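Visitor: below is the sequence, then the predicted model.
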Amino acid sequence: MGWTLVVLSGFFTVLLLPVSIWFCFRIVQEYERAVIFRLGRITDRKAKGPGLFFILPCTDNIIKVDLRTVSFDIPPQEILTKDSVTVNVDGVVYFRVSDPISSVANVSNADYSTRLLAQTTLRNVLGTKNLAELLSDREGISHAMQSSLDVATDPWGIKVERVEIKDVKLPHQLQRAMAAEAEASREARAKVIAAEGEMNAARALKEASLVIAESPSALQLRYLQTLNTIAAEKNSTIIFPLPMDVISHFMK
């Protein structure tokens with residue numbers, strides 16, 4: 001019966017030339033492909049196009065598929081992380097049709113299905129991460145989402161090219177707590193650095209005292225150098241040097 005209809009369609013097409021010629025030829029753009037159904041069945045396992053091709057008006061039906069990369073925003077999703085923190089995360093997904101026949105025959109709406117799957121995948125992936133990983137490892141999360149989406153959409157003829165996490169919105173109370181924690185951490189590091197500086201300075205003074213103790217004249221020279229420095233800065237200051245022998249006598 002099917003072959004009979006095809007033969008009749010071809011007969012009437014030839015009979016009604018040249019009027020029917022306008023219904024037999026179709027053109028698809030460079031970025032498009034045409035999937036042809038003949039009496040409800042796909043005629044060839046390869047999509048037609050680009051350019052000009054021939055169809056039978058009465059028995060063939062064509063569906064055009066766009067092969068260009070499509071991008072869409074994942075709506076903000078309220079996600080509970082692994083460490084029980086509620087955040088709002090949104091992202092963007094880039095995908096294209098790699099197999100036009102599978103995108104038409106295996107799924108009713110490949111574009112809409114991919115969008116819904118991207119939202120679900122975002123929740124599933126981020127639910128296994130804690131807050132620190134979510135804020136610091138966005139690239140790893142993007143690769144994990146891309147791999148998961150690509151495997152799931154492969155039977156649909158969809159190729160997921162890229163997934164990016166756009167923004168992570170934290171609650172205001174958590175932001176203030178994190179800011180206070182970061183400030184306290186910076187103050188603690190500053191105190192540690194200052195303590196290390198004091199320790200190094202004390203160690204250097206100890207070594208200097210040992211050197212001066214080995215030669216008593218070194219302290220006198222240091223004393224004269226200090227007088228020279230004071231005289232260069234404050235000329236009105238009068239300095240009376242006191243012999244070190246006298247000081248050492250009183251110290252004994």
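Guide: All right, it came through fine. Numbers count the residues shown, from 1 in each chain.

Visitor: from here on, just use CA atoms for contacts and neighbour counts.
Guide: Will do.

Visitor: distance of Val211 relative to Gln220?
Guide: Counting by CA to CA, to the nearest Å, the separation of Val211 from Gln220 is 13 Å.

Visitor: in this structure, which spans are strands?
Guide: Taking DSSP state E to define them, one finds strands in the chain at 25-28, 32-38, 41-42, 51-54, 60-66, 70-80, 86-97, 158-169.

Visitor: Arg189 versus Ser147, what's the distance?
Guide: As it turns out, when the distance is counted by CA to CA, Ser147 lies 40 Å from Arg189.

Visitor: who has more neighbours, Val211 and Gln220?
Guide: The residue with more neighbours, out of Val211 and Gln220 and counting by other CA atoms under 10 Å, is Gln220; that gives 16 against 13.

Visitor: just the pLDDT for the more buried one.
Guide: Gln220 carries a pLDDT score of 71 in this model.

Visitor: and Val92, what's its pLDDT?
Guide: Each residue has a pLDDT score; the one for Val92 is 93.

Visitor: give the contact list for it.
Guide: 71-74, 163-166 (CA atoms under 8 Å, 6 or more residues apart in numbering).

Visitor: ignoring the adjacent residues along the chain, who's closest to it?
Guide: The shortest distance from Val92 to any non-neighbouring residue, by CA to CA, 6 or more residues apart in numbering, is to Asp73 (4.5 Å).

Visitor: my guess is the one you found meets Phe95, correct?
Guide: No: using CA atoms under 8 Å, Asp73 is not in contact with Phe95, being 11.8 Å away.

Visitor: so between those two, which is more surrounded?
Guide: Phe95 (23 against 16).

Visitor: now do the more buried one against Asp66, distance only.
Guide: Summarising the geometry, the distance separating Phe95 from Asp66, computed by CA to CA, is 11 Å.

Visitor: remind me which residues of the stretch 101-250 of the chain are low pLDDT?
Guide: Confidence mapping of the stretch 101-250 of the chain against pLDDT under 70 gives the ranges 175, 219, 232-250.

Visitor: need the contact list for Val35.
Guide: Under the criterion of CA under 8 Å, 6+ apart, the contact list for Val35 reads 42, 46-48, 62-65, 100-101, 104.

Visitor: ok, 10 Å please
Guide: Val35 makes contact with 42-49, 61-65, 100-105 under the criterion CA atoms under 10 Å, 6 or more residues apart in numbering.

Visitor: just Asp137 next, same as before
Guide: If you count contacts by CA under 10 Å, 6+ apart, Asp137 has them with 129, 131.

Visitor: now it: how far from Gln173?
Guide: Shown here: Asp137 relative to Gln173, a distance of 23 Å by CA to CA.

Visitor: for Gln225, same thing?
Guide: Computed with CA to CA, the distance linking Gln225 and Gln173 is 59 Å.

Visitor: who has more neighbours, Ser147 and Arg189?
Guide: Just comparing Ser147 and Arg189: by other CA under 10 Å the higher neighbour count belongs to Ser147, 15 against 12.

Visitor: what's near enough to touch Thr114?
Guide: Taking CA under 10 Å, 6+ apart as the criterion, Thr114 is in contact with 93, 95, 120, 149-150, 152-153, 156, 158, 160.

Visitor: tell me the helices and strands packed up against the longest helix anywhere in the chain.
Guide: Secondary structure of the chain per DSSP state H: the longest helix is helix 172-214. The helices and strands touching helix 172-214, judged by 3 or more CA pairs under 10 Å, 6 or more residues apart in numbering; DSSP states H and E, are helix 216-233.

Visitor: just the CA trace of the helix it packs on, in PDB.
Guide: Provided in PDB are the C-alpha atoms of helix 216-233 (Å, rounded to 0.1, in the frame of the first residue of the first chain):
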ATOM      1  CA  PRO A 216      84.700  46.500  75.000                       C
ATOM      2  CA  SER A 217      85.900  49.200  72.500                       C
ATOM      3  CA  ALA A 218      83.100  48.200  70.100                       C
ATOM      4  CA  LEU A 219      80.500  49.700  72.500                       C
ATOM      5  CA  GLN A 220      82.500  52.900  72.700                       C
ATOM      6  CA  LEU A 221      82.600  53.100  68.900                       C
ATOM      7  CA  ARG A 222      78.900  52.400  68.700                       C
ATOM      8  CA  TYR A 223      78.300  55.200  71.200                       C
ATOM      9  CA  LEU A 224      80.300  57.600  69.100                       C
ATOM     10  CA  GLN A 225      78.400  56.700  66.000                       C
ATOM     11  CA  THR A 226      75.100  57.400  67.800                       C
ATOM     12  CA  LEU A 227      76.400  60.800  68.900                       C
ATOM     13  CA  ASN A 228      77.300  61.500  65.200                       C
ATOM     14  CA  THR A 229      73.800  60.600  64.100                       C
ATOM     15  CA  ILE A 230      72.200  62.900  66.800                       C
ATOM     16  CA  ALA A 231      74.500  65.800  66.000                       C
ATOM     17  CA  ALA A 232      73.500  65.600  62.300                       C
ATOM     18  CA  GLU A 233      69.800  65.700  63.000                       C
END
